[in-house]
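Asker: model this:
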Amino acid sequence: MGQFTIYRDDYADTTVIPNSFIDEYMKDANDAQIKVYLYLIRVMSAGLSTGVSEIADKFNHTEKDVIRALKYWEKAGLLSLDESGKNNITGIHFMNPQCKNVSDSTVAACIAEDSQSVQPALVKAEAAVPVISITTRQAETPFTKPIYSADKLRAFKEREETAQLLFVAESYIGRPLSAGDMKSILYFSDCLHFSDDLIDYLIQYCVDRGKKDFKYIEAVALNWAQSGITTPKQAEKFASKYDKSVYTIMKELGKSSAPTAKELEYINRWVKEYGFSSDIISEACERTVMATDSHRFEYAEGILSSWKKEDVRRKSDIQRIDELYQKRRQQKSASATGNRFNQFSQRDYDFEELEAKLLSK
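Answerer: Predicted coordinates for the structure are as follows:
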C-alpha cells in the first residue's frame with residue numbers, strides 16, 4: 001500500500017510542554033508552581049495578556065503565591081525576572097537551562113529549544129497592574145549553541161569526513177539521525193571545537209551509560225568543553241574520576257541507580273560549592289541512612305549545609321559540633337526541669353528530629 005502524509009491543522013491552538021520539564025523539574029514543584037509555569041507557557045505561546053493579579057484570580061491563589069512560584073522557577077533556572085522594586089515584576093524571560101553550568105552524566109533540561117524562534121508575547125496589564133513582558137532568551141556563554149540554517153547543515157553533511165562520523169553516530173544510537181541530532185554534532189565540531197575522535201568517544205560514552213538522547217549528550221559535551229577537555233584520553237580520565245566520586249556517594253545513600261539531575265545537583269554542591277572531602281560527605285551519608293529511609297538527599301543536604309555554616313573542615317570539627325549540641329540540649333533539659341511550672345508536662349523539642357520526620361513523610 002502507498003504511504004500517506006499526516007497534516008496537523010490545530011497546531012496554533014496547542015501549548016507545547018517539553019518532556020524535560022516533566023522529567024526533571026515538575027516532580028519537585030508544588031501545585032501552585034506547576035500551574036503558574038504552565039500558564040506562562042500558554043500565555044507566551046498564544047500571545048495573550050496576563051499579570052500577577054490575573055494569574056492569582058485564575059487559580060484562586062494569592063498574589064504572594066504567584067510571586068513565590070515565579071521566584072521558585074527563577075531559582076531553578078527556567079525563568080529570569082525583571083523587577084522594579086521589591087516583588088514588582090515587570091518582565092519574565094524564559095531561560096534555556098542547558099546554558100547553565102551542568103555536570104557530566106546529567107542532562108540539563110532544555111525548556112526553550114531553538115528559543116530564538118519563539119516570538120515574545122508582550123503582556124499588557126490592566127490599570128494598577130504591573131506590565132509583564134514574557135520572552136525567551138539564552139544565557140550568555142561562549143558555548144551557546146547557534147541556530148543552524150538548513151544550508152549550514154547541508155554544507156556540514158557534504159564534508160567527506162562528516163559522512164563517516166554520522167555513520168558511526170547512527171551505529172551507536174541505533175537509529176537514523178534526525179536533523180536536530182545532526183545539528184548537535186555540528187555544534188560539537190563548529191562551536192565546541194571537538195575533534196571527530198572526541199565526538200566519537202563522547203557519543204560512545206553516553207550510549208554506554210544508557211543515554212541516547214542528544215539533549216543529554218549536549219550537556220555532557222558542554223561540561224567537557226567548560227572543563228577544557230580536548231582529547232578522548234582527557235575525557236576518559238575526567239569521566240573516570242567523576243564516576244567514582246558520584247557513584248560512591250550514591251552507594252553510601254543506598255542508591256544503586258544512575259543519579260538524577262537533582263541528585264547530581266546536590267552532589268556537585270557538596271563537592272564543589274561546599275568543598276567537602278569524601279570523608280565528611282561519607283559521615284553525613286551515614287547519619288542520613290541511619291535517620292531516614294526517604295528524602296535522603298534532602299536530609300543529607302540539611303546536615304552538610306549546617307556543617308558548612310559551622311565551618312567544618314575535618315571530622316574533628318564534627319565531633320566538636322556534636323559535643324556542643326549535646327551540651328546545649330542538657331542545659332535546656334536542666335532548665336526545663338527547674339521551671340516552677342514543672343507540674344505541667346514539659347516538652348523539649350528537637351527541631352532537627354522534627355524536620356527529619358517531616359521529610360520522611
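Asker: what about the helices in the stretch 251-361 of the chain?
Answerer: 261-268, 278-291, 296-309, 315-337, 351-359 (DSSP state H, counting those that start in this stretch).
Asker: Could you list the low-pLDDT ranges of the stretch 101-250 of the chain?
Answerer: Counting by pLDDT under 70, the stretch 101-250 of the chain shows low-confidence ranges at 101-141, 240-243.
Asker: Can I get the helices of the stretch 251-361 of the chain in TSV including mean neighbour count?
Answerer: The way it works is simple: take the backbone N, C-alpha and C, and place the C-beta from them, glycine included. Below are the helices of the stretch 251-361 of the chain laid out as TSV (neighbours: other Cβ atoms under 10 Å):
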stretch	mean neighbour count
helix 261-268	19
helix 278-291	17
helix 296-309	18
helix 315-337	11
helix 351-359	12
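Asker: how about those in a markdown table, adding distance to Lys64?
Answerer: Output for the helices of the stretch 251-361 of the chain, formatted as a markdown table (distance: least, Cβ to Cβ, whole Å):
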| stretch | distance to Lys64 |
| --- | --- |
| helix 261-268 | 26 |
| helix 278-291 | 33 |
| helix 296-309 | 24 |
| helix 315-337 | 35 |
| helix 351-359 | 22 |
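Asker: Nearest to Thr62, out of those?
Answerer: With Cβ to Cβ as the measure, helix 351-359 is the member of the helices of the stretch 251-361 of the chain nearest Thr62 (23.4 Å).
Asker: What's the mean pLDDT across the closest one?
Answerer: Per-residue pLDDT over helix 351-359 has a mean of 57.
Asker: before we move on, what about stretch 259-268?
Answerer: On average, stretch 259-268 scores 81.
Asker: picking up where we left off before, any idea which of the helices of the stretch 251-361 of the chain scores lowest on pLDDT?
Answerer: helix 351-359 (a mean of 57).
Asker: Pretty sure Glu83 sits against Ile92.
Answerer: No: counting by Cβ atoms under 8 Å, Ile92 is not a contact partner of Glu83; they are 10.3 Å apart.
Asker: From Gly174, how far off is Gly210?
Answerer: Distance of Gly210 to Gly174, given as Cβ to Cβ, to the nearest Å: 12 Å.
Asker: quick one on the thing from earlier: okay, Glu83 and Ile92: which has more neighbours?
Answerer: Neighbours were counted for Glu83 and for Ile92 using other Cβ atoms under 10 Å; Ile92 has more, 23 against 14.
Asker: Provide the secondary structure category for the more buried one.
Answerer: At Ile92 the chain is in strand, as set by DSSP: H, G, I helix; E, B strand; the rest coil.
Asker: what pairs with it across the strands?
Answerer: Ile92 has these beta-bridge partners by DSSP bridges: Leu81, Ile134.
Asker: Per-residue confidence, it, what does it come out as?
Answerer: Per-residue pLDDT puts Ile92 at 83.
Asker: and it, how far is that from Ser149?
Answerer: 29 Å.
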